[in-house]
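Colleague: Sequence first, predicted coordinates after that:
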Amino acid sequence: MKSHGLFSKTMLALGFVFLYVPILSMVFFSFNNSRLVTVWDPANSPTLKWYGRLFSDDAILSAAWLSIQVAAMTATGAVILGTLAGLVLSRFGPFKGRALLQGLTTAPLVMPEVITGLSMLLLFVSLEQLMQFMFGWQFDRGVATITIAHITFTMAYVTVVVQSRLASFDDSLEEAALDLGARPARVFFRITVPLILPAILSGWLLAFTLSWDDLVVTQFVSGPGSNTLPMVIFSRVRLGVSPVVNALATIMVLIVALGVILSAFLMRRQEQRRKREEQMAASG
Amino acid sequence: MFRYGPPRWTEYVLRNWSGQRLVIAIPYLWLVLFFLIPFLIVLKISFAEFSPLGRPPYEPVFQWLDEGALQIKLLVGSYVYLFNEPLYVSAWIYSVKVAFFSTIFCLALGYPMAYAISRAPPTQRNIFLMLIILPFWTSFLLRVYAWIGLLKTDGVINNVLQFLGVIDEPLAMMNTSFAVYIGIVYSYLPFMILPLYSNLEKHDLTLLEAAQDLGAGPVKSFMRITLPLSMPGVVAGSLLVFIPAVGEYVIPSLLGRTDQLMVAKLLSDEFFLNRDWPKASAVAIAMLLLLVVPIMIFQYFQNKELQAQKK
């Protein structure tokens, strides 16, 4: 045990260095005063000027706002559809086409992004032509098409999260409520939803992050004038390393770290409260 | 006969469609409309003729001729091209090679990491896991971008190495296969570690004690007990790295060689630059065919996992 314990601990330390050096270097160089982006000039003092540039950069700010809107709509839509799909797959008995639904919900998880993007774009182009031909109605690609595409590939993740949560708890509570005469819809909102709420919330956050971060599918389905944040970053980055992007990255890392710390804190408090209640129940 | 009220079909739907069917129908319709049909359109267009206007070629696949014969028109030209054009063939080989070796490197680094976390005290375990997941929640694109700053000729790594006197001339690391491997291993490492961890954490450690009592050394008990038991985790993690790595677009675009394309870049170039929709679609279908076996294995393991949770 001891010898490969030491080896694996060393690898763990090296792995963490590997994972965090790139992130920390972005944070470090976002305060760099030198004209050369990746060289730290000891003669210059650290600066916040790139943060100032970032907050006066209209292209980045409006793209970030668009990304937030798309991600929020995506996460909400994906949670509704994904929860329904998860519920159907784990609670409803056999029905016609169940295997197809199972396949369709897991396929987007493993489908390469370029294929999802291409197929969504071909669908939207076909729909555009169909609408034009039938109703003379011209619709443009933009926020709506990006959101639809994002919902489609993120709802698969929500389905998996909800399904595994539903699988791991006892369905006798739902049965009891049905026996007591509650209608299925009431059972769903009063029993099932509260029980799977953690899964729904983490599914929402997961869908939000995936949508917020997506570049490839978005590039295919966005129209002129609808640039999300990853699209703007991608085009900037191709031109070279930019300290403004470093500043943006630092802010995003900070937000995520705060979120993770906050959720860890809340989870621990919940855990402690649960333990206390269990003790009280046992002693009383 | 003329009737007032709603048309018959709504009545039929209301009577025969219970709430349960409606619940099934909502996600079903969405996935059929926005996932299945688009895929069928790609399949159809991959057999169509190239039109330089960049519009979808809408010639019907099936056509009834006057003599009452059914004509099926499938142009396989795009597919034939895939196998005959050296640029395409080398892109395929390169993509599979990069994905394969990236998976091996992820496994070599990720297995010991997952092992160390699973054998750490429970309080430390959660902190380690959070440290693994945290990079995943920060932007993927920005993490790949970070490597440009590190790998450039005047980047951090070259500066440090030159300062330490290890090298005289800066190393050319950007726009090489090395940079692509670094980017993929870096981005997909959590996908390898997490399934491995959840497998290793469930192992019954008394088995190892028994092996030790019976005289097996640490290496032998690892090879005979831990490794075979962790195979489902190894397979799941490897597929989670291999499948997306074959179709990776962002990493080779930002860090990779300019003279050697990967398949995803080929697809997007065919579509956006050459406006050759049939060829782009044929590349997509061929990519899926290549991934069908690994995807099926992945789904098999995932279903087994869900079944196990139910018990």
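Modeller: Sure thing, it's come through. On a predicted model such as this, the values are computed, not experimentally measured, just so you know.

Colleague: can you pull out the helices in the stretch 151-284 of chain A?
Modeller: A:172-179, A:184-187, A:193-213, A:216-221, A:229-238, A:243-283 (DSSP state H, counting those that start in this stretch).

Colleague: which of those is buried the deepest?
Modeller: Greatest average neighbour count among the helices of the stretch 151-284 of chain A goes to helix A:216-221 (a mean of 24), per mean count of other CB atoms under 10 Å in any protein chain shown. Backbone N, C-alpha and C define where each C-beta goes, glycine included.

Colleague: Briefly note if it comes near chain B.
Modeller: Yes - using CB under 8 Å from any CB of the partner chain, helix A:216-221 reaches chain B at A:V216, A:Q219.

Colleague: now the helices of the stretch 151-284 of chain A as a markdown table including mean pLDDT?
Modeller: Below are these laid out as a markdown table (pLDDT from 0 to 100):
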| stretch | mean pLDDT |
| --- | --- |
| helix A:172-179 | 81 |
| helix A:184-187 | 78 |
| helix A:193-213 | 92 |
| helix A:216-221 | 95 |
| helix A:229-238 | 92 |
| helix A:243-283 | 85 |
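
Colleague: will you turn these into TSV that also has distance to A:R91?
Modeller: Compiled in TSV, those are given as follows (distance: least, CB to CB, whole Å):
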stretch	distance to A:R91
helix A:172-179	8
helix A:184-187	10
helix A:193-213	11
helix A:216-221	30
helix A:229-238	36
helix A:243-283	26
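
Colleague: how about these, which one is nearest B:M113?
Modeller: Among the helices of the stretch 151-284 of chain A, helix A:243-283 comes nearest to B:M113, with 18.9 Å by CB to CB.

Colleague: other SSEs contacting that closest one?
Modeller: Packed against helix A:243-283 by the contact rule (3 or more CB pairs under 8 Å, 6 or more residues apart in numbering or on different chains; DSSP states H and E) you find helix A:2-29, helix A:49-55, helix A:229-238, helix B:122-137, helix B:140-151.

Colleague: hey, which of the ones you listed is tucked in deepest?
Modeller: Most buried of the helices and strands packed on helix A:243-283, by mean neighbour count (mean count of other CB under 10 Å): helix B:140-151, with a mean of 23.

Colleague: from the stretch 151-300 of chain B, which residue is nearest to chain A?
Modeller: At 2.7 Å from chain A, B:G247 is the closest residue in the stretch 151-300 of chain B, using CB to the nearest CB.

Colleague: In contact with A:D171, which residues?
Modeller: Residues in contact with A:D171, defined by CB atoms under 8 Å, 6 or more residues apart in numbering or on different chains, are A:R91.

Colleague: run the last query once more with 10 Å
Modeller: Taking CB atoms under 10 Å, 6 or more residues apart in numbering or on different chains as the criterion, A:D171 is in contact with A:S90, A:R91, A:I191, A:T192, A:L195.

Colleague: Show me which of those residues are buried.
Modeller: Among these, the ones that count as buried by 16 or more other CB atoms under 10 Å in any protein chain shown are A:S90, A:R91, A:I191, A:T192, A:L195.

Colleague: Relative to A:L101, how far out is the second one?
Modeller: According to CB to CB, to the nearest Å, A:R91 and A:L101 sit 13 Å apart.

Colleague: got it, and the fourth one?
Modeller: Separation of A:T192 from A:L101 (CB to CB) stands at 19 Å.

Colleague: ok, now the third one?
Modeller: Applying CB to CB, one obtains 23 Å for the distance of A:I191 from A:L101.

Colleague: Grab the most central residue of chain B for me.
Modeller: B:P244 (1.9 Å; CA atoms, centre = their mean).

Colleague: Specify the local secondary structure of B:S95.
Modeller: In terms of secondary structure, B:S95 is helix; the call rests on DSSP: H, G, I helix; E, B strand; the rest coil.

Colleague: Next up, the contacts around it.
Modeller: B:S95 is in contact with B:245-248, B:252, B:260-266, B:287, B:290, counting by CB under 10 Å, 6+ apart.

Colleague: now these in TSV, with pLDDT, neighbour count and secondary structure?
Modeller: Shown next, in TSV, are the contacts of B:S95 (pLDDT from 0 to 100; neighbours: other CB atoms under 10 Å in any protein chain shown; DSSP: H, G, I helix; E, B strand; the rest coil):
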residue	pLDDT	neighbour count	secondary structure
B:A245	95	27	helix
B:V246	94	22	helix
B:G247	93	25	coil
B:E248	95	27	coil
B:P252	95	25	helix
B:Q260	90	19	coil
B:L261	91	22	coil
B:M262	93	26	coil
B:V263	93	27	helix
B:A264	94	28	helix
B:K265	93	19	helix
B:L266	92	22	helix
B:M287	91	22	helix
B:L290	89	17	helix
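
Colleague: Show me the two of the residues you listed that sit farthest apart.
Modeller: Of all pairs in these, the most separated under CB to CB is B:Q260 and B:L290 at 18.0 Å.

Colleague: List the residues that contact the residue in the stretch 101-250 of chain A positioned nearest to chain B.
Modeller: When scored by CB to the nearest CB, the stretch 101-250 of chain A has A:P112 as its residue closest to chain B, at 2.7 Å. A:P112 sits next to A:118, A:216, B:243-249, B:263-264, B:267, B:284, B:287-288, B:290-291 when contact means CB under 10 Å, 6+ apart.

Colleague: Can you give me the pLDDT of it?
Modeller: Here the pLDDT value assigned to A:P112 is 90.

Colleague: measure it to A:S119 for me?
Modeller: For A:P112 relative to A:S119 (CB to CB), the value is 11 Å.

Colleague: Which residue comes closest to the residue of the stretch 151-300 of chain B closest to chain A once chain neighbours are left out?
Modeller: Spatially, and ignoring its direct neighbours in sequence, B:G247 is nearest to A:P112 (2.7 Å; CB to CB, 6 or more residues apart in numbering or on different chains).

Colleague: And B:L40, how far from B:I285?
Modeller: B:L40 is 11 Å from B:I285, where distance means CB to CB.

Colleague: which of these two has more neighbours?
Modeller: More crowded of B:L40 and B:I285, by other CB atoms under 10 Å in any protein chain shown: B:I285, with 19 against 12.

Colleague: any bit of the helix or strand where that one lies sitting next to chain A?
Modeller: Per DSSP states H and E: B:I285 is located in helix B:277-310. Yes - with CB under 10 Å from any CB of the partner chain as the criterion, chain A is reached by helix B:277-310 at B:277, B:280-281, B:283-285, B:287-288, B:290-291, B:294-296, B:298-299, B:302-303, B:305-310.

Colleague: What is the neighbour count of A:P46?
Modeller: Residues near A:P46, counting by other CB under 10 Å: 10.

Colleague: Can you tell me the closest non-neighbouring residue to it?
Modeller: Leaving out its chain neighbours, the residue that sits closest to A:P46 by CB to CB, 6+ apart is A:F31, at 4.1 Å.

Colleague: Need the residue closest to the centroid of chain A.
Modeller: A:T209 (2.5 Å).

Colleague: thought that one was touching B:T138?
Modeller: Yes - in this structure, A:T209 is within contact of B:T138 by CB atoms under 10 Å, at 9.1 Å.

Colleague: hey, what's in contact with both of those two?
Modeller: Shared contacts of A:T209 and B:T138, defined by CB under 10 Å, 6+ apart, comprise A:V256.

Colleague: one step back: the residue nearest to A:P46: what secondary structure?
Modeller: coil.

Colleague: same thing with the one 3 residues further on?
Modeller: Using three-state DSSP, the three-state assignment for A:S34 comes out as coil.

Colleague: State the distance from it to A:V237.
Modeller: From A:S34 to A:V237 the distance is 19 Å (CB to CB).
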